[in-house]
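[1] Got a predicted model here, sequence first, then my questions.
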Amino acid sequence: MKGTRVQAGTAVVLLAVLVLLAVAGIFLRGTATTVDVANALVPPGPGHWFGTDAQGRDVFARVAVGTSIALASGLGAVAVGGGLGLVIALVCGLGPRWLDAVLVRLLDAVMAFPALLLALAVTMAFGTGLLTALVGVVVTVVPVFARTLRAEARRATSEPFVQAARTIGLSTPHLAVRHVVPYLGTTFSVQTAANVGNVILVLSGLSFIGVGAQPPTPEWGAMITEGLQNALTGQWWIGVFPGLALLVTVVAVNLLADSIPAVRAARLARRRTSRPRREATAPAPVEA
Amino acid sequence: MADETSGQTSGQTSGQAGAPLLRVRDLRRSYGGPHSYAVLDGVSFDVRRGETVGVVGESGCGKSTLARALVRLDPVDDGRVELDGVDLASLRGAALRRERRRFQMVFQDPFGSLDPRMTVQQLVEQPLAVHGTPPAERARLVAEMLDDVGLGGDFAHRLPPALSGGQRQRVAIARALVLRPDITVLDEPISALDVSVQAQVLTLLRREQRHLGLTYLFITHDLAAAEHFCDRVMVLYLGRVVETATSEELFARPLHPYSAALLSAAPQPRGTRERERIVLRGEPLARRPETGCPFASRCPVGHDREVCRTSTPVLAPAEGALGHQVACHFPGELVAQPLERAATA
């Protein structure tokens, strides 16, 4: 329990820093792409905290903008992919068995490819760029959500409260929205947190090998590639700082994912004990 | 398996006048794919408006399967379930959902049968909302119902995890009865509760029945509760009705050897005359035999009789009390002896 608290606390602190950085990034957009050849390759110091790159652009500003891009695209891709996965899971879990069998086979087929490879294939098919990379990543996220949530949705249908709701007369879609989706809440949030880190990593990977965000864009993967060119001549800061930002983000998000179930369980337990358990002595008499 | 059912549909004339509210005829329900087995094998019975019919039997005899089939949680493989002339077994989709307000169910486990994320108010209001009651009337009906079950006031805004078992079961009852169903299936409604709360819940159910003119099908393995609570009792054995009678008649004069053994095993209230306990040999068969009485292998009366091994007894009116029916070749043989011996002891 104490370990969980430390873990959750660390995750929250790291994520708070990242969010601050991302907010800063929104205001540093101009700075991040301003070329200043006179101040190229300045090492980290008071004027430029993270130094400047070969074109004299401020690396801190670029990392900050990269943070906003990474968080926004990571969350966006997972939200879209997770939403689609949830819909498929509900159809599988509450729909006819044959449809479930067909969809599960399809999902298995998609999941057979490694995420990076699949995203790469989709990106290649639609042309390079951050937007197509996002589409590619969404395709990899959908089956992950659909498979895990489908199993939970199937379990939900045998929960007495779901069956009780059925005997009351709820239609299947109503049942799905009112009782099954809330039941899937914990799993969905864990999956979201677990996938955001991975999605950010894959997106940076795509940009790193040149099929995602293209060079002027201050995206972490693209920046690491650019930094590589200067690494041999000693300007380490150009590639290392975006790399560190990527590392911290993935670690923070995964720590959060690990602590969500424990935190939710603790909250439920608190809700259970906060109200007094008392049996009314007798049901109120009926007026004649 | 399908060839065994033929004889069981006849002989169901209930002793009293008027069309029954619920007519179940030759209900069958099978589990398992290619080697499927009929857990319910041609169950037929009537329930009249306003009465409480108990269904008793040991674990695995098909009590819960019967409940789930009646409220259409599971499909019905064969047979008819007529509620006021409407065949529920053949309804589908929206038509079935509309009719659901007429037959409700209270589940055994009050800890699982309420959505832990909904307040008491929302839980009791939901059935009305689903069936299109206008909001103003809903609020009134919910407040009335919650008062009736003794959960008025601030209980309305609590969540199920903050309630005790008895309170939760009262919410479940309110949720079922707020629709004023024609028939309510009570599937072991008190077996998950503390003994001190059981009587309270039964009293509540009885009072609501008088108040609202309800009809109950009470599924239980608690014979004392069945005797106290039911007007009529059916004994189920391996998916068939083996005996049915008014509860006074059945508990005073069980005719089927299985009923006699079942009743003799129930604990007696202190101060009443001791009764010899009839111990049955063996376990119930995993499957009914192809021929003969399903109880024959364990029956103290019929295990060595040729007719019990070869011919399946049919539920037929017994001598004596009106409406007492039994499916046995030698009704009444077992019960007489132990009672006499107990009386002389």
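    Now that the structure is in, tell me what you want to look at.

[2] Let me see the backbone angles for B:Arg80.
    When read as degrees, to the nearest 10, the backbone of B:Arg80 gives phi -120, psi 140.

[3] ok, so what distance separates it from chain A?
    20 Å (Cβ to the nearest Cβ, to the nearest Å). All C-beta atoms are positioned from the backbone trio N, CA, C, and that covers glycine.

[4] For beta bridges, what are the partners of that residue?
    B:Arg80 forms beta bridges with B:Arg25, as assigned by DSSP bridges.

[5] Around chain A, which positions in the stretch 201-345 of chain B sit nearby?
    Proximity of the stretch 201-345 of chain B to chain A, by Cβ under 8 Å from any Cβ of the partner chain, involves residues B:203-204, B:207, B:211.

[6] how about CSV for the residues you listed, with neighbour count, secondary structure and pLDDT added?
    Converted to CSV, these look like this (neighbours: other Cβ atoms under 10 Å in any protein chain shown; DSSP: H, G, I helix; E, B strand; the rest coil; pLDDT from 0 to 100):
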residue, neighbour count, secondary structure, pLDDT
B:Thr203, 13, helix, 94
B:Leu204, 22, helix, 95
B:Arg207, 15, helix, 95
B:His211, 11, helix, 92
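
[7] ok, of those, which one's closest to A:Leu116?
    B:Leu204 (61.7 Å; Cβ to Cβ).

[8] tell me the contacts of the closest one?
    Counting by Cβ atoms under 8 Å, 6 or more residues apart in numbering or on different chains, B:Leu204 touches A:283, B:149-150, B:170, B:173.

[9] mind checking how far the closest residue to chain A within the stretch 51-200 of chain B is from B:Ala143?
    Going by Cβ to the nearest Cβ, chain A is nearest to B:Gly150 of the stretch 51-200 of chain B, at 3.2 Å. Separation of B:Gly150 from B:Ala143 (Cβ to Cβ, to the nearest Å): 13 Å.

[10] from the residues of the stretch 201-345 of chain B next to chain A, which single one is nearest B:Cys328?
    Using Cβ to Cβ, those come closest to B:Cys328 at B:Thr203, 35.2 Å.

[11] quick one: that closest one from B:Thr184, how far?
    16 Å.

[12] for chain A, which helix is longest?
    When chain A is parsed with DSSP state H, its longest helix is helix A:237-274.

[13] Quick one: mean pLDDT over it.
    Here helix A:237-274 scores 83 as its mean pLDDT.

[14] where does the chain dip in pLDDT?
    You didn't pick a chain, so chain A it is. Along chain A, the model assigns pLDDT under 70 to residues A:1-2, A:271-288.

[15] switch to chain B, that's the one I care about
    Short version for chain B, where the test is pLDDT under 70: B:1-18, B:268-275, B:335-345.

[16] What is the burial count for the residue of the stretch 51-200 of chain B closest to chain A?
    20 (other Cβ atoms under 10 Å in any protein chain shown).

[17] I figured it hits B:Val171, correct?
    No. B:Gly150 is beyond contact range of B:Val171, at 10.6 Å (criterion: Cβ atoms under 8 Å).

[18] Show the contacting residues for residue 77.
    Looking at chain A here, since you left the chain open. Contacts of A:Ala77 by Cβ under 8 Å, 6+ apart are A:134, A:137-138, A:141, A:199, A:203.

[19] hm, I was asking about chain B
    Contacts of B:Asp77 by Cβ under 8 Å, 6+ apart are B:28-30, B:38.

[20] ok, now with 7 Å
    B:28-30 (Cβ atoms under 7 Å, 6 or more residues apart in numbering or on different chains).

[21] Among those residues, which one sits closest to A:Gly93?
    When these are compared against A:Gly93 (criterion: Cβ to Cβ), the nearest one is B:Arg29, at 23.8 Å.

[22] Spit out the contact partners of the spatially most central residue of chain A.
    The centroid of chain A falls nearest to A:Val196 when counting by Cα atoms, centre = their mean (1.9 Å). Listed by Cβ under 7 Å, 6+ apart, the contact set of A:Val196 reads A:74-75, A:78, A:253.

[23] That one and chain B, how far apart?
    For A:Val196, the distance to chain B - Cβ to the nearest Cβ - is 25 Å.

[24] Wasn't that residue part of a strand?
    No. A:Val196 is assigned helix when assessed by DSSP: H, G, I helix; E, B strand; the rest coil, not a strand.

[25] Give the burial count for residue 45, as a bare number.
    Assuming you mean chain A. For A:Gly45, using other Cβ under 10 Å, the count is 10.

[26] The intended chain is chain B.
    When neighbours are counted by other Cβ under 10 Å, B:Phe45 comes out with 22.

[27] what sits opposite it in the beta ladder?
    Applying DSSP bridges, one finds that B:Phe45 bridges with B:Val24.

[28] ok, it to B:Ala245 distance?
    Taken as Cβ to Cβ, the span from B:Phe45 to B:Ala245 is 12 Å.

[29] show me the contacts for B:Ala129.
    For B:Ala129, counting by Cβ under 7 Å, 6+ apart, the contacting residues are B:Arg138.

[30] which element is it on?
    helix B:120-130 (DSSP states H and E).

[31] Is there any residue in whatever helix or strand comes next after that helix that contacts chain A?
    Using DSSP H and E, the helix or strand that follows helix B:120-130 towards the C-terminus is helix B:135-148. Yes. Counting by Cβ under 7 Å from any Cβ of the partner chain, chain A has neighbours in helix B:135-148: B:147-148.

[32] packing partners for helix B:135-148?
    helix B:120-130, helix B:165-177 (3 or more Cβ pairs under 7 Å, 6 or more residues apart in numbering or on different chains; DSSP states H and E).

[33] B:Leu146 and B:Arg158 touch, don't they?
    No. Using Cβ atoms under 7 Å, B:Leu146 is not in contact with B:Arg158, being 11.0 Å away.

[34] Near the nearest residue to A:Leu71 once chain neighbours are set aside, how many other residues are there?
    Excluding the flanking residues, the one nearest A:Leu71 by Cβ to Cβ, 6 or more residues apart in numbering or on different chains is A:Ala22, at 5.1 Å. Look at A:Ala22: counted by other Cβ under 10 Å, it has 19 neighbours.

[35] my guess is A:Ala22 contacts A:Val65, does it?
    No. Here A:Ala22 does not reach A:Val65: they are 8.7 Å apart, not a contact under Cβ under 7 Å.

[36] Helices of chain A, start to end?
    Going by DSSP H, chain A shows helices at A:2-27, A:29-33, A:59-94, A:97-111, A:115-126, A:130-157, A:160-168, A:172-175, A:181-183, A:185-208, A:220-231, A:237-274.
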